[in-house]
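> okay, sequence plus prediction incoming.
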Amino acid sequence: MSSLAASTRHLLAALGVDKPLSGGPLAVHSPIDGSLLAELQRSTAAEVDAAIAAAQGAFLAWRSVPPPRRGELVRLFTASLRRHKAQLAELIVVESGKIRSEALGEVQEMIDIGDFAVGLSRQLHGLSIASERPSHRLMETWQPLGVCGIVTAFNFPVAVWAWNAALALVCGDALVWKPSEKTPLCALACQALLAKAASEHGGVPSGLSAVLLGGREIASGLAEHPAIPLLSATGSTAMGRALAPRVAARFGRSILELGGNNGMIVTPAADLDLALRAIVFAAAGTAGQRCTTLRRLFVHEHIAASLLDRLRAVYAGLPVGDPRVDGTLVGPLIDRRALAAHQAALAEAAADGGRIDGGETVVVPGAAGGCYVRPALVEMPGQTPLVCRETFSPILYVMSYRDLDEAIASHNAVPQGLASAIFTNDLREAERFLSAAGSDCGIANVNVGPSGAEIGGAFGGEKDSGGGREAGSDAWKAYMRRATNTINYSSDLPLAQGVRFG
Ligand code: UN1
């Protein structure tokens, strides 16, 4: 057993995971050096069915628990995340390859959504609406929905589940979670922490939350299962295209958080020091493996050459390496397939006339099995088909523009619509970007990069990005059933619209 595998087992034990970690067909490798961390059992079809049935049973009890008492479960879970923050972050580092500061940030994001959900558990409010009839009351109530299926990706192995889980639990729903096959250990750790919080709570029905390990077949099963009224899925646009019609065919609901191809416009009125820092974090952070990663940069032609020079200098010095080492800013790609996609994209960029700086593989001492690359800056002659696709690696395509309207049109001329930003100190430019005729994305920022959103806002995007909204604002409403109630407290029976009947 490698030393990474041994230390991972210690971490898992400390986080309360007591599942067998050897002997199964699901091999888990660390992207840091490729070493084998565990061999897990895959969930069988019978286990999947049993977990959904148990979750459905648990839901029937959980839905009648008063919401603030449901919030108490999330409060206990969040308290345990605070206690285990460093350990869970370390597991994220080992299993997903992100740097420690970002892994700690991911656990913080879970804590933040947990705190939000606890407050929400006393605020699941509906409207009171004016009735057209005398002595009638018209109102809206929000009721628990059922079992919520959650499918998550490797790049945020715990936070995106937490966005869904924390809201679903206070909304009175049960959970079944299919994590990425690349990061099942993080899921087992979250499940163990949640189980511990449930036992501290004392009023949580068994089976309220389950983790199902395996591949697409499990996600498809969740999409088709009639006992799952809501499927929340995060991953590629291709995955969403495969799952969404199956959910729709049975009139289920889905929340889809799919690919992004996020852009930023830098105008001559921008604070360039600020823009530079934002670009580097958004494009090279998480080794370009966020759905919110900056992939397309539109710079005004008068400042393009100087900004590119400064970017090239910063990119050349970016510390690429083992994410456990202090000072590393760019960790590994998740696996060899990601590396192959990165290399294929750069070859296509060159063929399209792009000028490439960086992008080459980096040999990291002691981590021979990891796939490390230097983030790439690619000056493109235009928005070619390659630039319109999402390649999940640190490649930033840079294009210059002359006129802001033209830049906004190019910005919007891709299939995806997740996150976007403009850097400018000119109020008119900023407001134009945020206006109806501006960015067409679900997230549009001014002097803030496209990645690294706070949980307080609703998170998600338009077009091929899926249209779903998760996390803050009123995203909780997707996890509940809206009921319109009309109450008559008169002794007459007036019909709406003045209809007379007899
Ligand atoms: C994702 O990459 O799927 O805004 C989620 C961000 C993070 C979440 C990213 N808060 O970059």
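Sure thing, it's come through.

> got the phi and psi for the residue of the stretch 101-250 of the chain found nearest the ligand?
Per C-beta to the nearest ligand atom, the residue of the stretch 101-250 of the chain with the smallest distance to the ligand is Phe156, at 4.6 Å. Quick note: C-beta positions are derived from backbone N, CA and C, even for glycine. Dihedral angles of Phe156 (phi, psi; degrees, to the nearest 10) stand at phi -130, psi 80.

> interface residues of the stretch 101-250 of the chain facing the ligand?
Contacts of the stretch 101-250 of the chain with the ligand, taken as C-beta under 6 Å from any ligand atom, map to 109, 155-156, 160, 234.

> just curious, which of those is nearest to Ala407?
Asn155 (28.2 Å; C-beta to C-beta).

> that closest one and Pro184, how far apart?
14 Å (C-beta to C-beta, to the nearest Å).

> before we move on, what about Ile408?
In terms of C-beta to C-beta, Ile408 sits 42 Å off from Pro184.

> again, but for Gly449
From Gly449 over to Pro184 (counting by C-beta to C-beta), the distance is 30 Å.

> repeat that for Leu333.
Leu333 is 19 Å from Pro184, by C-beta to C-beta.

> what is the neighbour count of the closest residue to the residue of the stretch 101-250 of the chain closest to the ligand other than its chain neighbours?
Excluding the flanking residues, the one nearest Phe156 by C-beta to C-beta, 6 or more residues apart in numbering is Glu106, at 6.2 Å. Using other C-beta atoms under 10 Å, Glu106 has 24 neighbouring residues.

> now do Glu106, the pLDDT please.
For Glu106, the pLDDT comes out at 98.

> now the element after the host helix or strand of it, going C-ward?
Per DSSP states H and E: Glu106 is located in helix 100-120. Once helix 100-120 ends, the next helix or strand along the chain (criterion: DSSP H and E) is strand 128-129.

> for that next one, give the mean pLDDT please.
Rounded mean pLDDT across strand 128-129 is 98.

> next secondary structure after it?
Next element after strand 128-129 (DSSP H and E): strand 136-144.

> send me the helix or strand just after that next one as PDB with only the CA atoms.
Proceeding N to C from strand 136-144, the next assigned helix or strand is strand 147-151, under DSSP H and E. C-alpha atoms of strand 147-151 as PDB (Å, rounded to 0.1, in the frame of the first residue of the first chain):
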ATOM      1  CA  VAL A 147     -36.600  11.700  -2.500                       C
ATOM      2  CA  CYS A 148     -34.100  14.000  -4.100                       C
ATOM      3  CA  GLY A 149     -31.500  12.300  -6.400                       C
ATOM      4  CA  ILE A 150     -28.100  14.000  -6.500                       C
ATOM      5  CA  VAL A 151     -25.400  13.400  -9.100                       C
END
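
> quick check, the residue nearest to Phe156 in contact with Lys98.
Yes - shown here, Glu106 and Lys98 form a contact pair, counting by C-beta atoms under 8 Å, at 7.3 Å.

> what sits in contact with each of these two?
Shared contacts of Glu106 and Lys98, defined by C-beta atoms under 8 Å, 6 or more residues apart in numbering, comprise Ile92.

> which residue ranges make up the domains of this structure?
44-258+465-483, 262-446 (automatic domain parsing).

> distance between the shortest one and the chain's centre?
Just to be clear, that refers to domain 262-446. Computed by C-alpha atoms, centre = their mean, to the nearest Å, the separation of domain 262-446 from the middle of its chain amounts to 19 Å.

> could you check whether that domain is close to the ligand?
Yes - on the criterion C-beta under 6 Å from any ligand atom, domain 262-446 is in touch with the ligand at 290-292.

> wait, which of those residues is closest to Lys178?
Nearest member of the residues of domain 262-446 next to the ligand to Lys178, counting by C-beta to C-beta, is Cys291, at 17.6 Å.

> since we're on the residue lying closest to the closest one once chain neighbours are set aside, how many residues are nearby?
Using C-beta to C-beta, 6+ apart and skipping residues adjacent in sequence, the residue nearest Cys291 is Gly260, 4.5 Å away. For Gly260, the count of nearby residues is 30 (other C-beta under 10 Å).

> using the three-state scheme, assign Gly260.
Secondary structure, DSSP: H, G, I helix; E, B strand; the rest coil: Gly260 is coil.

> so what's it up against?
Counting by C-beta under 8 Å, 6+ apart, the residues that Gly260 touches are 290-293, 295, 390, 416, 418-419, 450, 461, 465.

> dihedrals phi and psi, it?
Per degrees, to the nearest 10, the backbone of Gly260 is at phi -130, psi 160.

> all helices of the stretch 151-300 of the chain, in order?
159-170, 184-201, 216-224, 237-249, 272-284 (DSSP state H, counting those that start in this stretch).

> need those in JSON lines (columns: mean pLDDT).
Converted to JSON lines, these look like this (pLDDT from 0 to 100):
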{"stretch": "helix 159-170", "mean pLDDT": "98"}
{"stretch": "helix 184-201", "mean pLDDT": "98"}
{"stretch": "helix 216-224", "mean pLDDT": "97"}
{"stretch": "helix 237-249", "mean pLDDT": "97"}
{"stretch": "helix 272-284", "mean pLDDT": "98"}
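
> out of the ones you listed, which is the most enclosed?
helix 159-170 (a mean of 28; mean count of other C-beta atoms under 10 Å).

> from the middle of its chain, how far away would it be?
Taking mean C-alpha positions (C-alpha atoms, centre = their mean), helix 159-170 and its chain are 11 Å apart.

> just stretch 465-480 next, same as before
That offset, for stretch 465-480, works out to 12 Å (C-alpha atoms, centre = their mean).

> who's in contact with the residue nearest to Gln56 when sequence neighbours are not counted?
Distances taken as C-beta to C-beta, 6+ apart place Ala227 nearest to Gln56, at 5.0 Å, with adjacent residues excluded. Residues in contact with Ala227 (C-beta under 8 Å, 6+ apart) are 52-53, 55-56, 146-147.

> could you do Gly472 as well?
113, 116, 454-459.

> closest one of those residues to Tyr372?
Phe459 (29.0 Å).

> check contacts around the closest one.
Here Phe459 is in contact with 163, 257, 442-443, 453, 469-472, 475 (C-beta under 8 Å, 6+ apart).
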